[in-house]
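would you be able to build a 3D model of this:
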Amino acid sequence: MKETVVVIYSGGMDSFTLLHKALAEGHAVHALSFNYGQRHVRELDCARTVCESLGIPHRVIDIRALSEVMAGSALTGEVEVPEGHYEEDSMKSTVVPNRNMILLSLATGYAVTVEAQAVWFGAHGGDHAIYPDCRPEFMEKMDAVCRVANYQPVAIAAPYIRADKGEILAEGLAMGLDYSHTWTCYNGRNKACGRCGSCVERLEAFASNGLRDPLPYEESVR
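Residues are numbered from 1 along each chain as shown. Below is the predicted model:
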């Protein structure tokens, strides 16, 4: 059934694929991005450019005022970004406290405002090892809560919750998507570092599909 959906769109490759999946399925899409003080704010520039090119409604909500209750993460600059794979224990420093619950709550309010039936977000199987708020049990409980939190029920959907990044990329490639319009690196520099967990997983996804990542990297890591 075709619906109006709010897609939480970070500007990264997973939410980029998710956005196009919603459009390909014929849904009316409202894209919603958040500035929470992330180092990799460059991803928001990618999100704006993509939404402008698609001609879809896009809102960037500044929630940096919440930094005092979302502190202590490498993603917001309090500590150094660790290098390595997501399954390594050091990657726990990239957890932003309660981020997805906060973002999904705000997105649900926006969904009620624009009369959307669902909020989509890009949590996937590769996130499960490190991020509690990207696991199936979290998504299922948020879905149950958001269906009863307002007079208008809003579903929470994570279509890639059991897929890995390589599978998500394969779906996007089948749609003909250009991933040079995305940003993944946790470091907010001109080129992707190729060493943070996000870069490592992205590079693995391209390798599993037999391709080179179109983004420029600081080192020859592809």
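
I'd say residue 122 and residue 8 touch.
Yes. The pair residue 122 and residue 8 passes the contact test of C-beta atoms under 8 Å, sitting 7.1 Å apart. C-beta coordinates here come from the backbone N, C-alpha and C atoms, glycine included.

so what sits against both of those two?
Listed contacts common to residue 122 and residue 8 are residue 15; contacts here mean C-beta atoms under 8 Å, 6 or more residues apart in numbering.

not counting its neighbours along the chain, what's nearest residue 175?
Counting by C-beta to C-beta, 6 or more residues apart in numbering, residue 20 is the residue found nearest to residue 175 once chain neighbours are left out, at 5.6 Å.

for residue 60, give me its contacts.
With contact set as C-beta under 8 Å, 6+ apart, residue 60 has these partners: 33-35, 44, 47-48.

next: residue 64.
When the contact criterion is C-beta under 8 Å, 6+ apart, the partners of residue 64 are 35-37.

could those go into JSON lines alongside secondary structure, neighbour count and distance to residue 61?
Converted to JSON lines, the contacts of residue 64 look like this (DSSP: H, G, I helix; E, B strand; the rest coil; neighbours: other C-beta atoms under 10 Å; distance: C-beta to C-beta, whole Å):
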{"residue": "35", "secondary structure": "strand", "neighbour count": "12", "distance to residue 61": "7"}
{"residue": "36", "secondary structure": "coil", "neighbour count": "20", "distance to residue 61": "9"}
{"residue": "37", "secondary structure": "coil", "neighbour count": "20", "distance to residue 61": "12"}
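
and the longest helix seen in the chain, what does it pack onto?
Taking DSSP state H as the criterion, the chain has its longest helix at helix 99-113. Counting by 3 or more C-beta pairs under 8 Å, 6 or more residues apart in numbering; DSSP states H and E, the packing neighbours recorded for helix 99-113 are strand 4-8, strand 28-35, strand 118-120, helix 136-146.

tell me which other helices or strands the shortest one touches.
Read it as strand 118-120. With contacts defined as 3+ C-beta pairs under 8 Å, 6+ apart, strand 118-120 has these neighbours: strand 4-8, helix 99-113, strand 155-157.

ok so, going back, most neighbours among the contacts of residue 60, which one?
Within those, residue 47 tops the neighbour count with 26 neighbours, counted by other C-beta atoms under 10 Å.

just the mean pLDDT for the one helix or strand it maps to, thanks.
Secondary-structure assignment from DSSP states H and E places residue 47 in helix 42-54. Helix 42-54 shows a mean pLDDT of 95.

from residue 136, how far off is residue 32?
22 Å (C-beta to C-beta, to the nearest Å).

closest to residue 101 out of the helices and strands packed on helix 99-113?
Judged by C-beta to C-beta, the one of the helices and strands packed on helix 99-113 that comes nearest to residue 101 is helix 136-146, at 7.0 Å.

what's the mean pLDDT across that closest one?
Mean predicted lDDT for helix 136-146 stands at 96.
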